[in-house]
Each structure stands twice: as structure tokens, then as C-alpha cells.
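Peer 1: sequence and predicted structure, then a few things I'm wondering about:
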Amino acid sequence: MKSLYKIIAISLISGSQYFAQTPDSLPVIYVPGIMASPLYDDINNNNQLAPEEKAWFGPQFITHCLWLKPNGIDPDGNYNIKVAPLRNDTANTLRDELLDVPMDLFKGFFDNMEAHGYILDDYDDNHNEGENLFCFTYDWRKNNFTNAELLSFFIDSVKNWTGINQVNLVGHSMGGIVSKTCINNFDKSRIKNIVFIATPNLGAPEVLTVMLKGKLFEWLNFINEIEWPVTRSLARNLPSCYQLIPSFSYFNLNLNNGYSSGVEIYSECLQIPGGNYLNYSELINYLRDYETCLMGIETLNDGLLDASEIFKEDIDTVDFGQINVFNIVGHNQLTIGKNKIITGGFPTYCNTVEYSRNLNGDFTVPVRSAELINGKIFEHTYYVSDIKHHELPGSQETLTILLGIFSDPPNYNFPQFSNPPASYSGITDVENEILTANSFYLSQNFPNPFNPRTVIGYQLPVSSDVKIKVYDVLGNEIATLVDEYKPAGSYEVEFNTASLSSRTGLALTSGVYFYQLKTGNFIKTKKLILIK
């Protein structure tokens, strides 16, 4: 019954015109981004993955089983990391994984495609049901060239399973990098359409925040100052992280920058003590010498850093041949664009990073990095506003575009998504408020709808007394999330209805609630939706 309601809802939102479109006969392969494929430590080595064996993101994470050797490959010895789901593992299927972290973020994509006639791969060896929707999960820690080679094998498998000679690729985030690498190095005639969604073609400053500070998911990093040493240690030997560091083209302001202005802000990717911003070569040299502390406990991996330079140069320009290229770019979300090195004091003198959301983007990837492929903007580039990075694949806007691209005959004309943002640094939210580093800001909670937890971001241009409270539709106060004096900066706070229930005995029902930021003369209220 829930599936029926979902299809009806999608129908009402999409409009009947999309049901009138006939999908083409080609299978669709979805390629998720970094940290988006589940990894298990199959300690019994029996190809039957159990919940207690889940390493990303699950209980085995703290055992360091995901750590790689300095050369970026698996450690020696008893090592059984496997990418889920395993084919023919009936106890843990793709549908099971879509209900849990990390793949639950993309369940909307597969639900939407199924609601419009696609049949999801059941991850067994029976392909007689007309399956034409596939997901390529992979070990996102590894070299993206290695994963591109595995994707090439997967494309061949899908061709054999379906009996069709071409596929459509949909690459989200780093999945777009894997797809682009596959196209660059292997048989491109097998691919008819490639759709990039929020792909960091020029890299993303946020990866520096992860590697130097230890910042992880927003919902695990409630305030800017939190450090995650375990994340820094893991990222140190992950080739994929190094390959997402902003590239030379990221700093090259002579590229075709579309219709946007203010690109000089991209030169402020990393600021060192003393106030100087580093250019590209200075950034790479700085990372080679970087140490978290004078004691040398944490350094970066020079070998992987050098190898990533070769990789980024190799895919800076890709020959797509006869492949139709489509690009979906998210904007109107405050996105990390600057990392500032902070040097601590006695006795450790440890370095850390203070990051700023000073760019227009999708909250993770800046607009310019997402929209420039081969240093230019391709004809079929679509701009989707006010949707965060991980929500883009499952959004109604993306579904509309995909159904058009994959229909027979195809439709590439979407004027509602044709206008790029006015600039890279100016951001306008849904109420048309201009957001700058010198303004108060309350973000839309993410995810929304949610259950049981969601994260709310906010920005303070000056030090202020801050209150953030949650109310029901009758105006009754449900929870106080923040009530304290805070320095100027960007922050996130979690609202967890499960914790609220255990702490107060108040069990919230499904429905609309409101949260309000109040500081000085600034008051802003937005709604959130709880679905159980």
C-alpha cells in the first residue's frame, strides 16, 4: 500500500506527461560516490554478510579494518573487506542495503525509477525478469582507475545479462569521476548516454577539510570545531581522497566560466597562518610537508599525493566519442570553499582547519567544479536549485531530466533548469534572501522528510546569543536545540526524535513541525517533516 501511495504522489508531482514517455530499451547503471557503497569485514569469509560485520558504516568501523597500506592497497594477512551487496547473498540484497546507511541516501533514486517502469536488479543470477536498473557498488577507498576498470567489467556483465549492446550511465559525485575514467580508458562504444550528477570534475575543497580536520558527514559533525582523528587516519592512505583534491584547473580562472562571475574566490581554497592564500603548486607543496603536530604523528602520504597528480591530469580532458553527455549541477547551497590552517599552542602546537561555506554549490561540490567538464560547459547542462548534494539523485527535478533523456524519443529541453546561477559566491535561498559570509542564515534541515534524526545548519556573522527551538503546528515548544552564546561562524545541530523520546518520554507523531533560529533582532522559522 505504501508503494501505491508513493507512485500516486510521484504521479501528482511529476505530471501525467512523464508517464506518457516510453523508456528506451537501454539498461541504466547507477554509480554512487565516495563513501556511498557499504563495506563489510567478512570475518567468516563465507560470502554471507551479517549486520555485525558491517564496517562502513557499522560496528566494525572502529576496529580499523578499513585502513589501507601506505601504497593505497589492502594490508597483508587476514583481510576480508567485501563490497555489499554480494550477488546471490539472499540475506543481504540491494533492497536491504537501500534501507540502511549509507545507501539509504539514494533509495529515492531507485524508487523513482521503478515507479516509472524500470525493474531493479535483484542481485541474483536470474536475469529473465527484464531487469534494466542496476547499481555498481565498489570499494570507494581505492584508486578510481581500479574502480573504473571494475565498472568496465560490470558494463560487460550487464550487456550479457540483458542482451543489449549499450547502457546508460548515471554517475553521482565521485561516481561521475569513476564513470569518466572508465570512458577515458576503456571501450566507450558500449555507452550511449552519460549523466553526471553533482560531480566534482575539478575537485572539491571539502576533501581537504576531511583530510586535514577529520570532518565527516554533516550529521556526525555538529559544530565546526569537532575533530575526528579516526577519519584523518583513515583518509591518509585512501587514493580516492587524494584524487578529489582541487586540481590545477580548479585554480585556472582562464577556463570557460560560463555565465558566472566572481570566480576569483576559487583562489582562496587554502589559507595558511599569516593570511596568505596558496596557488595550486603551493597547495601541493604545502600538503607534502603538512604535519598535524610538530611531533610528526600525522602526515599526508606523499606517494599517493604524487600519483593523484597524474590521475587528475589524465582525466582533465576526456574524449567522449559518440557518447551523449549530460550534466546536472546543484546550486544555491552554501558550500565549503575555503580552509584556513589554525596553529595551536603549547604543548603540542597541533595544526587544525577552520572551514568556511563561502561558495555557491550543492553543499558539497562548488558550482564551477560541477559544471566544467573538459574545461567547458557542455550543451546539455542543467541547474537544479535548493537541493543538497546527496538529495540530488532522488529529487523530482533530477527524475524529470532523466526520464526525458532516457525516453524514446528523447527530450533534452528543460528550460526550467537551463539558467545558471548569477555568480559563484552569491546565494539566494527559497525566500530570496541574499546570503553572504556577513549575514545570518538558517538552512533547510537535511534530510527532509526525516526519521528519526535530521541536521540543521546555521550561520552567524557576529558572536551572538543563539536559540534554536522546535515547535508543533499549534505553537507548542517541542525541544530546545541551542541556547547559548556562540562565536561567529557556521554550525550544525542535530534534532533526534528518538533521543527526545527516551529523554522526555515525548513520542512525536508523523507530521509537520517548525524550527526557529532567534538571535538578537534576527528571527527565522522553517518547517520540517517527520515521517514514521
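Peer 2: Right, received. Where do you want to start?
Peer 1: show the contacting residues for Val101.
Peer 2: Phe57, Gly58 (Cβ atoms under 8 Å, 6 or more residues apart in numbering). Every residue, glycine included, has its C-beta placed from N, CA and C.
Peer 1: hang on, it in a helix?
Peer 2: No: the assignment for Val101 (DSSP: H, G, I helix; E, B strand; the rest coil) gives coil, which keeps it out of a helix.
Peer 1: give me phi/psi at it?
Peer 2: phi -60, psi 140 (degrees, to the nearest 10).
Peer 1: what about Lys338, which helix or strand?
Peer 2: Using DSSP states H and E, Lys338 maps to strand 333-343.
Peer 1: just the mean pLDDT for that strand, thanks.
Peer 2: Strand 333-343 shows a mean pLDDT of 90.
Peer 1: from the chain's centre, how far out does that strand sit?
Peer 2: Relative to the mean C-alpha coordinate of its chain, strand 333-343 is positioned 17 Å out (Cα atoms, centre = their mean, to the nearest Å).
Peer 1: against which helices or strands is it packed?
Peer 2: helix 206-213, strand 270-271, strand 351-361 (3 or more Cβ pairs under 8 Å, 6 or more residues apart in numbering; DSSP states H and E).
Peer 1: residues of the longest one that come out buried?
Peer 2: Looking back up the chat, that one is strand 351-361. Asn351, Thr352, Val353, Glu354, Tyr355, Ser356, Arg357, Asn358, Leu359, Asn360, Gly361 (16 or more other Cβ atoms under 10 Å).
Peer 1: per-residue pLDDT of the closest residue to the fifth one other than its chain neighbours, please?
Peer 2: Excluding the flanking residues, the one nearest Tyr355 by Cβ to Cβ, 6 or more residues apart in numbering is Thr209, at 4.6 Å. Model confidence at Thr209, expressed as pLDDT, equals 91.
Peer 1: Gly214 now?
Peer 2: 82.
Peer 1: that one reaches Pro229, doesn't it?
Peer 2: Yes: Gly214 sits in contact with Pro229 when judged by Cβ atoms under 8 Å, with a separation of 5.8 Å.
Peer 1: quick one: the strands in the stretch 301-450 of the chain?
Peer 2: With strands called from DSSP state E, counting those that start in this stretch, the stretch 301-450 of the chain shows them at 324-331, 333-343, 351-361, 381-385, 427-428, 434-435, 441-442.
Peer 1: who does the fourth one pair up with?
Peer 2: Spelled out, it's strand 381-385. strand 324-331 (parallel) (DSSP bridges).
Peer 1: which outside residues touch the partner strand?
Peer 2: Outside strand 324-331, the residues within contact range by Cβ under 8 Å, 6+ apart are 192-199, 360-363, 365, 367, 370-371, 373, 377-378, 380-385, 387-389, 392, 398, 401, 405, 412, 417, 420-421, 427.
Peer 1: from the residues you listed, which land in helices?
Peer 2: Val367, Ala370, Glu371, Thr398, Ile401, Ile405 (DSSP state H).
Peer 1: turn the residues you listed into JSON lines, columns for distance to Ser490 and neighbour count.
Peer 2: Listed next are these as JSON lines, based on distance: Cβ to Cβ, whole Å; neighbours: other Cβ atoms under 10 Å:
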{"residue": "Val367", "distance to Ser490": "18", "neighbour count": "28"}
{"residue": "Ala370", "distance to Ser490": "21", "neighbour count": "31"}
{"residue": "Glu371", "distance to Ser490": "24", "neighbour count": "30"}
{"residue": "Thr398", "distance to Ser490": "26", "neighbour count": "26"}
{"residue": "Ile401", "distance to Ser490": "30", "neighbour count": "22"}
{"residue": "Ile405", "distance to Ser490": "35", "neighbour count": "22"}
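Peer 1: ok, so of these, who is nearest Val167?
Peer 2: Closest to Val167 out of the ones in helices among the contacts of strand 324-331 is Ile405 (13.2 Å), distances taken as Cβ to Cβ.
Peer 1: quick check: the closest one touching Tyr412?
Peer 2: Yes: contact status for Ile405 versus Tyr412: in contact at 6.7 Å, counting by Cβ under 8 Å.
Peer 1: follow-up on the earlier one: quick one: which of Gly214 and Pro229 has more around it?
Peer 2: A direct count of neighbours by other Cβ atoms under 10 Å for Gly214 and Pro229 places Gly214 higher, at 22 against 12.
Peer 1: I'd assumed Tyr266 was in a strand, is it?
Peer 2: No: with three-state DSSP as the criterion, Tyr266 is helix rather than part of a strand.
Peer 1: any idea how far Asn358 is from it?
Peer 2: As judged by Cβ to Cβ, to the nearest Å, Tyr266 and Asn358 stand 10 Å apart.
Peer 1: just Leu208 next, same as before
Peer 2: Per Cβ to Cβ, Leu208 is found 14 Å from Asn358.
Peer 1: same question for the top helix by length along the chain: list its buried residues.
Peer 2: Ranked by residue count, the top helix of the chain under DSSP H comes out as helix 144-162. Within helix 144-162, the residues that count as buried by 16+ other Cβ under 10 Å are 144-152, 154-155, 158, 161-162.
Peer 1: other SSEs contacting the next helix or strand after it?
Peer 2: Downstream of helix 144-162, the next assigned helix or strand under DSSP H and E is strand 167-172. Applying 3+ Cβ pairs under 8 Å, 6+ apart, one finds that strand 167-172 contacts strand 28-31, helix 144-162, helix 174-185, strand 191-197.
Peer 1: out of these, flag the one nearest Glu477.
Peer 2: strand 191-197 (38.9 Å).
Peer 1: how about the closest one as CSV, C-alpha atoms only?
Peer 2: Provided in CSV are the C-alpha atoms of strand 191-197 (Å, rounded to 0.1, in the frame of the first residue of the first chain):
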residue,chain,number,x,y,z
ILE,A,191,27.7,3.7,-23.5
LYS,A,192,25.0,5.7,-25.2
ASN,A,193,24.4,8.4,-22.5
ILE,A,194,26.4,9.6,-19.5
VAL,A,195,24.6,11.7,-16.9
PHE,A,196,26.8,13.4,-14.4
ILE,A,197,25.1,14.5,-11.1
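Peer 1: other SSEs contacting that strand?
Peer 2: Helices and strands touching strand 191-197, as assessed by 3+ Cβ pairs under 8 Å, 6+ apart, comprise strand 167-172, helix 174-185, strand 324-331, helix 396-405.
Peer 1: note down every partner strand of the shortest one and its orientation.
Peer 2: Right, the one you point to is strand 167-172. strand 28-31 (parallel), strand 191-197 (parallel).
Peer 1: how about the ones you listed in TSV, adding mean neighbour count and distance to Gly72?
Peer 2: Formatted as TSV, the strands paired with strand 167-172 follow (neighbours: other Cβ atoms under 10 Å; distance: least, Cβ to Cβ, whole Å):
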stretch	mean neighbour count	distance to Gly72
strand 28-31	24	20
strand 191-197	25	25
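Peer 1: export those strands to JSON lines and tack on distance to Ser308 and mean pLDDT?
Peer 2: Shown next, in JSON lines, are those (distance: least, Cβ to Cβ, whole Å; pLDDT from 0 to 100):
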{"stretch": "strand 28-31", "distance to Ser308": "20", "mean pLDDT": "98"}
{"stretch": "strand 191-197", "distance to Ser308": "20", "mean pLDDT": "98"}
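Peer 1: JSON lines for these, including distance to Tyr79?
Peer 2: What follows is the strands paired with strand 167-172, written out as JSON lines (distance: least, Cβ to Cβ, whole Å):
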{"stretch": "strand 28-31", "distance to Tyr79": "25"}
{"stretch": "strand 191-197", "distance to Tyr79": "33"}
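Peer 1: residues contacting Phe154?
Peer 2: Shown in contact with Phe154 (Cβ under 8 Å, 6+ apart): Ile29, Phe134, Phe136.
Peer 1: touching, the last one and Tyr30? I think so.
Peer 2: Yes: contact criterion Cβ under 8 Å: Phe136 and Tyr30 qualify, at 7.1 Å.
Peer 1: what do those two both touch?
Peer 2: Gly175.
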